[in-house]
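J.: fold the following for me, if possible:
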Amino acid sequence: MTEVAAPDGPGRLVAALDAAGALPAAFGPAFLAAAREWFVPERFWYRPDEAVADVALNRDGAPERWLAAVYADRPLVTQFDAGATVWPELGHRPTSSASAPSVVAGMLRALGPRPGDSVLEIGTGTGWNAALLAEVVGEAGEVATVEIDPEVAAGARARLRAAGYDRVEVVEGDAASAIDGARRFDRITVTAGVHIGRFPYSWVRSAVPGGVIVAPMRADLATGPLVRFVVGADGTARGNAVAGLGVSFMDLRSPREVPAELDPSERDDAAAESSWTELAPWVPLLADDHRWPIAVALPGCRYEVRERTADRPGEAWLVDPLSGSWAAVVAADGRYAVRQHGPRRLWDAAEAAYRWWTDRGRPPLPVWEWTVAPDRQRVTLPPTT
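T.: As a prediction, this is how the structure comes out:
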C-alpha cells in the first residue's frame with residue numbers, strides 16, 4: 001500500500017475487537033492491512049460517549065485526539081444534511097458516516113465473504129468497508145461499491161486509490177434504481193437503512209442463487225435488525241435478523257429525498273375520541289423487541305415517549321403523517337387516558353399488535369421471518385406450536 005498507518009493503530013483496534021469477541025479470526029488480517037485512518041476524512045464529528053453531544057475534530061488541529069477517535073470503537077459522522085452543514089457546525093441529520101468498527105466486523109461476519117467472491121456494497125461511505133472486503137476476497141475476487149452522494153463517492157474513490165485499492169470499483173449513483181440485476185454477485189452488503197416493504201427487488205436479482213444479502217431493516221417506528229437474506233433458486237430472498245447485532249443506519253436516500261417532519265399542531269383537537277387503557281405506553285414502545293410488532297402493523301407510524309417522572313405525568317404520542325391520524329396516551333389516576341383522532345385509531349392498533357405478540361410468547365427479533373419476492377414483501381412470525 002502507498003500509505004503508512006500510525007504505529008500500532010490497526011493492531012490496537014484488532015486487539016480490542018478480538019478481546020470483545022467482536023472480530024472473527026478470518027477478518028483480522030484485513031483489519032490490519034486496511035488501516036481505518038486511511039479512509040477517515042481530515043474533519044469529522046463524533047461522540048466520545050453517548051452522554052455528550054457530537055464533537056468536531058480536525059486532524060491538523062488535534063492529531064493525537066483525531067487518531068484516538070479513529071481507532072476507538074465509535075461511529076464517526078462525516079457529513080450532515082447531505083453536505084449543507086459545513087464543519088465544524090453541527091447539523092440536524094447525519095447523512096454519511098464511518099460505522100463503528102465492531103458493527104463493521106459484525107456485518108462482515110453475517111455476510112461471510114470468502115476469497116474469490118464477487119461483492120457488491122450499497123453505500124460506500126468512507127471506502128473503508130470496501131477496502132476490507134477487497135482484502136478478504138483477494139485478487140481472485142471483485143468488489144463494487146455504489147454511493148449516491150457525488151462528494152462522498154469522489155472522496156472514497158480518492159482514498160481507495162491512495163491506499164492502493166485500485167481494483168475496487170466505485171460507482172456514483174442511486175443504488176435503488178441504478179442496480180438492475182444485469183450483473184450478479186455472491187454477496188451484497190447494504191450500509192443504509194431499508195424501510196420494510198420497500199426493499200428494491202433489483203438487489204435480489206443481482207445476487208446469484210444461494211447468494212447472501214445483509215441489510216439493516218427499519219420502519220418509521222423502529223430501527224435495528226440487521227437481516228441476513230439467502231436468495232433461493234426461485235428468486236425469493238428469505239432471512240432472519242442476526243442475533244446480538246443491533247444496528248442503526250441512516251436511511252437509504254434518493255436525490256429527491258425530503259425529510260418528513262412531525263406536526264403536533266392538531267394533537268389537542270377537541271374532536272378526538274377519548275378512552276382508557278391499562279397498558280403503560282412505554283412498555284411496548286421503548287424496547288426494540290416490543291416495538292417491532294407495532295412497527296409491522298403500523299409501518300408508517302412514528303412515536304414520541306416521555307416516561308413518568310416526579311415532575312410530569314408519563315405520556316406517549318403516535319402519529320401517522322400519511323393519514324394525519326394521531327393518538328395521545330397520558331398517565332392519569334393509575335390508568336392511561338387515550339385520545340385518538342383521524343381515520344386510523346393508532347393506539348387501538350398498536351395495543352392489539354402488542355398483545356398479539358405477547359400472546360405468542362414474546363418472540364425476539366431473530367424469530368421473525370423476512371421475505372422479498374418479485375411480487376410481495378413480508379415480515380411474519382412462524383406459526384406457534
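
J.: low-confidence stretches in this protein?
T.: Scanning the chain for pLDDT under 70 picks out 1-7, 51, 253-268, 307-313, 384-385.

J.: quick one, helices of it?
T.: 9-19, 28-33, 63-70, 101-111, 128-137, 150-162, 175-178, 201-205, 282-285, 288-297, 346-359 (DSSP state H).

J.: now do the longest one: everything it contacts.
T.: Translated: helix 346-359. Here helix 346-359 makes contact (Cβ atoms under 8 Å, 6 or more residues apart in numbering) with 277, 279, 281, 283-285, 290, 293-294, 296-298, 301, 318-320, 325-327, 329, 338, 340, 363, 381. Where you see a C-beta, it was placed from the backbone N, CA and C, and this is true even at glycine.

J.: go on, the fourth one?
T.: Helix 101-111 is contacted by residues 13, 17, 20, 22-24, 27, 31, 36, 73, 75, 99, 119, 128-129, 132-133, 136, 187, 189, 191, 212, 214, 226, 228, 242, 245, 247 when judged by Cβ under 8 Å, 6+ apart.

J.: got the contact list for the closest residue in space to residue 365 that isn't next to it in sequence?
T.: Spatial nearest neighbour of residue 365, chain neighbours left out: residue 241 (4.3 Å); criterion: Cβ to Cβ, 6 or more residues apart in numbering. Counting by Cβ under 8 Å, 6+ apart, residue 241 makes contact with 217, 225-228, 365-366, 368, 370.

J.: among these, who's most crowded?
T.: Sorting these by how many neighbours each has (other Cβ atoms under 10 Å) puts residue 217 first, at 29 neighbours.

J.: beta-bridge partners for it, please?
T.: residue 194 (DSSP bridges).

J.: and it, what is it in contact with?
T.: Per Cβ under 8 Å, 6+ apart, neighbours of residue 217: 193-196, 199, 225-227, 241, 370.

J.: what is the neighbour count of residue 24?
T.: Look at residue 24: counted by other Cβ under 10 Å, it has 14 neighbours.

J.: which residues does the closest residue to residue 149 other than its chain neighbours bridge with?
T.: Residue nearest to residue 149 in three dimensions, not counting chain neighbours: residue 96, with 6.4 Å by Cβ to Cβ, 6+ apart. For residue 96, the beta-bridge partners under DSSP bridges are residue 79.

J.: ok, residue 96 to residue 80 distance?
T.: 9 Å (Cβ to Cβ, to the nearest Å).

J.: and the two? which has more neighbours close in?
T.: Neighbour count, other Cβ under 10 Å: between residue 96 and residue 80, residue 96 has more, with 28 against 21.

J.: shouldn't that one be in contact with residue 125?
T.: Yes: Residue 96 is within contact range of residue 125, at 5.9 Å (criterion: Cβ atoms under 8 Å).

J.: which residues are common contacts for those two?
T.: 78, 152.

J.: residue 336 and residue 281 touch, don't they?
T.: Yes: with contact defined as Cβ under 8 Å, residue 336 counts as touching residue 281 (6.6 Å).
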